[in-house]
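*Asks:* When you get a sec, could you give me coordinates for this:
(one chain, ligands or ions: 1)
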Amino acid sequence: MIVTRFAPSPNGPLHLGHAFAALVAHDLARERGGQFHLRIEDIDGERSRAEFVEEFLLDLRWLGLEWDGAVAFQSARLARYTEAGERLKAMGLLYPCRCTRAEITAAATEAGPDGPIYPGTCRHHDVNPEGAAWRLDVTRAMDLAGPLEWVDEIAGPQVATPQIFGDVVLLRKDLPASYHLAATLDDAADGITLVTRGMDLFPASHVHRLLQALLGLPVPAWHHHGLLIEPDGRKLAKRRGSPSLGDRRRAGEDGWALAEALRAHRFPGDISLSGNWTP
Ligand code: GLU
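*Replies:* Residues are numbered from 1 along each chain as shown. Below you'll find the model as predicted:
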């Protein structure tokens with residue numbers, strides 16, 4: 001059975017792009033007789049706010065989206081992340097790093113999908129692990145895992161190249177996981193068989209595929225959908241003033257009609273809000 005999920009982070013209100021992502025996950029599950037889950041990615045306690053979670057539930061219902069089962073919260077799963085982190089450490093695949101963002105930017109010679117690639121400064125140094133972040137030695141991990149493939153429903157078969165990120169942080173200095181580790185473990189724990197999310201996270205799936213191999217997790221399929229973009233070609237974002245779903249809901253807009261308008265644009269590729277379509 002197909003199982004999808006929508007996994008918003010409660011560090012701000014949902015906007016149209018989130019509505020589109022939720023619709024894709026929901027509709028793909030429903031069209032194929034599967035389940036749609038809701039997971040709150042609130043691992044970052046400093047930036048997460050409970051009031052956003054309440055709004056998320058109202059927003060989704062307003063759009064006409066019902067999820068299956070209980071809402072999952074990453075903050076309740078920290079012990080599971082710690083355990084996986086310990087396993088990766090025991091496999092000799094993680095090393096502590098105390099480099100600051102500024103040091104990395106100054107020392108980096110290449111850029112990856114998330115900015116400057118970490119140049120491996122701490123890989124061969126004796127670094128005090130107390131309060132440090134832990135990075136994945138991606139070369140060593142790939143040597144252990146061997147060649148890996150994954151399939152995106154739209155883009156087709158992919159050869160995993162997590163090296164494009166360099167040695168990513170898997171355990172943050174303040175948390176027992178990073179996005180990559182938490183999302184990968186959760187998708188496995190929740191039985192997600194089809195990971196849907198925006199094209200902006202396509203590169204992250206290379207890292208997730210490697211983590212699945214290292215931790216012996218089931219391998220889902222992926223469906224990276226196009227993004228809603230502003231008429232000037234930039235990704236839609238609240239900070240540039242696009243109204244939140246909550247604003248629209250409270251203004252009395254019809255959420256079902258908005259969902260239908262978004263559904264009409266569910267195609268691969270970015271969806272420009274220019275032209276005659278103004279939801
Ligand atoms: N919490 C992530 C976000 O809000 C979701 C990432 C995912 O779907 O894997 O962007």
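*Asks:* Say whether the ligand is contacted by whichever helix in the chain runs longest.
*Replies:* Longest helix of the chain, by residue count under DSSP state H: helix 16-31. No - shown here: helix 16-31 not in contact with the ligand (Cβ under 6 Å from any ligand atom), separated by at least 7.3 Å. No exception for glycine: its C-beta is placed from N, CA and C like everyone else's.
*Asks:* And that helix, how far out from the chain middle?
*Replies:* Taking the mean C-alpha point of helix 16-31 and that of its whole chain, the gap between them comes to 15 Å (Cα atoms, centre = their mean, to the nearest Å).
*Asks:* Buried residues of that helix, list them for me.
*Replies:* Using 16 or more other Cβ atoms under 10 Å as the test for burial, helix 16-31 gives 16-29.
*Asks:* So which residues make contact with the next helix or strand after that helix?
*Replies:* Counting by DSSP states H and E, the next helix or strand C-terminal to helix 16-31 is strand 35-40. Strand 35-40 is touched from outside by 1-10, 25-26, 29-30, 53, 56, 60, 65-69, 71-75, 186, 190, 192, with contacts defined as Cβ atoms under 8 Å, 6 or more residues apart in numbering.
*Asks:* Mind giving me the packing neighbours of the helix or strand following strand 35-40?
*Replies:* The first helix or strand that comes after strand 35-40 along the chain, using DSSP H and E, is helix 50-62. Counting contacts by 3 or more Cβ pairs under 8 Å, 6 or more residues apart in numbering; DSSP states H and E, helix 50-62 packs against helix 16-31, strand 35-40, helix 245-250.
*Asks:* would you list the ones you listed in JSON lines and tack on distance to residue 216 and mean pLDDT?
*Replies:* Below are the helices and strands packed on helix 50-62 laid out as JSON lines (distance: least, Cβ to Cβ, whole Å; pLDDT from 0 to 100):
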{"stretch": "helix 16-31", "distance to residue 216": "25", "mean pLDDT": "94"}
{"stretch": "strand 35-40", "distance to residue 216": "21", "mean pLDDT": "98"}
{"stretch": "helix 245-250", "distance to residue 216": "38", "mean pLDDT": "96"}
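*Asks:* residues making contact with the helix or strand harbouring residue 85?
*Replies:* Secondary structure from DSSP H and E places residue 85 in helix 78-90. With Cβ under 8 Å, 6+ apart as the test, helix 78-90 has contacts from 43, 94, 134, 136, 170-171, 175-177, 181-182, 185, 189, 214-215.
*Asks:* buried residues in it?
*Replies:* Of all the residues in helix 78-90, those buried under the rule 16+ other Cβ under 10 Å are 80-81, 84-85, 88-89.
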